[in-house]
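*Asks:* show me how the following folds:
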Amino acid sequence: MEYSSSKDFPTEVGTDNKTLGIFWMESNEYPSEKIIDSISQAMQTMAWDSQGNPRLNAWACLRILTIAKKEINMEKQKMKLVTYGLGNELDISKIRPIINDKFVKPQGGLWSSPINSNYGWVDWCKDENFGECETSFEFEIDANVLIINSLDDLKQLPMIKYKYGNYLDFEEIIQQGYDAIFLTERGQQNTRMSTPNLYGWDCECVLVLNPNCIVH
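*Replies:* Reported below is the predicted structural model:
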């Protein structure tokens with residue numbers, strides 16, 4: 001279900017967790033405890049009536065859900081990563097800026113996989129007899145990480161419509177405050193042949209968008 005403006009909603013709706021959960025499920029998401037916690041935190045900034053209850057219309061509820069979704073998908077975290085085939089030492093000065101390229105991958109950035117990945121870049125290269133994995137370097141990021149763990153996660157992200165399909169708007173993702181994109185093993189399996197898709201992201205991987213998030 002998609003809503004484009006406040007006129008698409010009834011004038012008033014309940015604001016208990018159950019009602020908010022229904023709004024969430026209508027957008028094809030399950031209202032987990034973490035989501036409900038995020039919603040509750042967002043509601044602290046809203047107006048309260050004389051009985052101490054939040055006075056919110058349906059459009060305000062949707063805005064709360066949007067805030068909660070952003071909180072869920074953007075997680076400030078440290079990750080230990082490894083990159084193969086670009087030498088044995090990281091040179092941050094060689095990381096080019098991210099530019100949309102009318103393709104499933106952008107120009108620029110730094111591709112890597114989590115060190116503890118069950119199926120990362122080196123595993124895919126071995127299976128496909130592809131690339132050079134004799135050289136590698138490890139590094140760590142402290143970043144706002146956009147996590148793609150399902151097709152629904154992918155569908156929530158900004159896209160650009162091109163002649164041959166819809167692809168991620170990587171430049172907009174950076175503007176939204178993300179430093180890196182983490183495609184999990186589950187996310188890779190669920191988005192490989194989907195619509196939209198990330199076909200070409202062949203394993204569990206992390207695309208570093210902002211080199212300033214690299215701590216060492």
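*Asks:* and the longest strand for the protein?
*Replies:* Secondary structure of the chain per DSSP state E: the longest strand is strand 136-148.
*Asks:* just checking, what packs against it?
*Replies:* strand 74-84, strand 180-183, helix 185-191, strand 205-208 (3 or more CB pairs under 8 Å, 6 or more residues apart in numbering; DSSP states H and E). Where you see a C-beta, it was placed from the backbone N, CA and C, and this is true even at glycine.
*Asks:* next, count neighbours for residue 100.
*Replies:* Applying other CB atoms under 10 Å, we find 17 residues neighbouring residue 100.
*Asks:* got a list of what it touches?
*Replies:* 106-107, 160, 167, 169-171 (CB atoms under 8 Å, 6 or more residues apart in numbering).
*Asks:* quick one: it from residue 87, how far?
*Replies:* 27 Å (CB to CB, to the nearest Å).
*Asks:* low-confidence stretches in the protein?
*Replies:* Applying pLDDT under 70 to the chain flags residues 1-75.
*Asks:* and the protein, what are its domains?
*Replies:* 6-73, 75-213 (automatic domain parsing).
*Asks:* okay, and the beta partners of residue 141?
*Replies:* Counting by DSSP bridges, residue 141 is bridged to residue 79, residue 214.
*Asks:* contacting residues for it?
*Replies:* Residue 141 is in contact with 78-79, 81, 179-180, 206, 208, 213-215, counting by CB under 8 Å, 6+ apart.
*Asks:* am I right that residue 195 is in a strand?
*Replies:* No. With DSSP: H, G, I helix; E, B strand; the rest coil as the criterion, residue 195 is coil rather than part of a strand.
*Asks:* where does it fall, phi/psi-wise?
*Replies:* phi -130, psi 110 (degrees, to the nearest 10).
*Asks:* again with the one 5 residues further on
*Replies:* For residue 200, the backbone dihedrals (degrees, to the nearest 10) come out as phi 120, psi -20.
*Asks:* ok, now which ones touch it?
*Replies:* Contacts of residue 200 (CB under 8 Å, 6+ apart): 104-105.
*Asks:* can you do 10 Å?
*Replies:* Shown in contact with residue 200 (CB atoms under 10 Å, 6 or more residues apart in numbering): 103-105, 192.
*Asks:* turn those into JSON lines, columns for secondary structure, neighbour count and distance to residue 139.
*Replies:* JSON lines is the format used below for those (DSSP: H, G, I helix; E, B strand; the rest coil; neighbours: other CB atoms under 10 Å; distance: CB to CB, whole Å):
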{"residue": "103", "secondary structure": "coil", "neighbour count": "13", "distance to residue 139": "25"}
{"residue": "104", "secondary structure": "coil", "neighbour count": "16", "distance to residue 139": "24"}
{"residue": "105", "secondary structure": "coil", "neighbour count": "15", "distance to residue 139": "20"}
{"residue": "192", "secondary structure": "coil", "neighbour count": "13", "distance to residue 139": "27"}
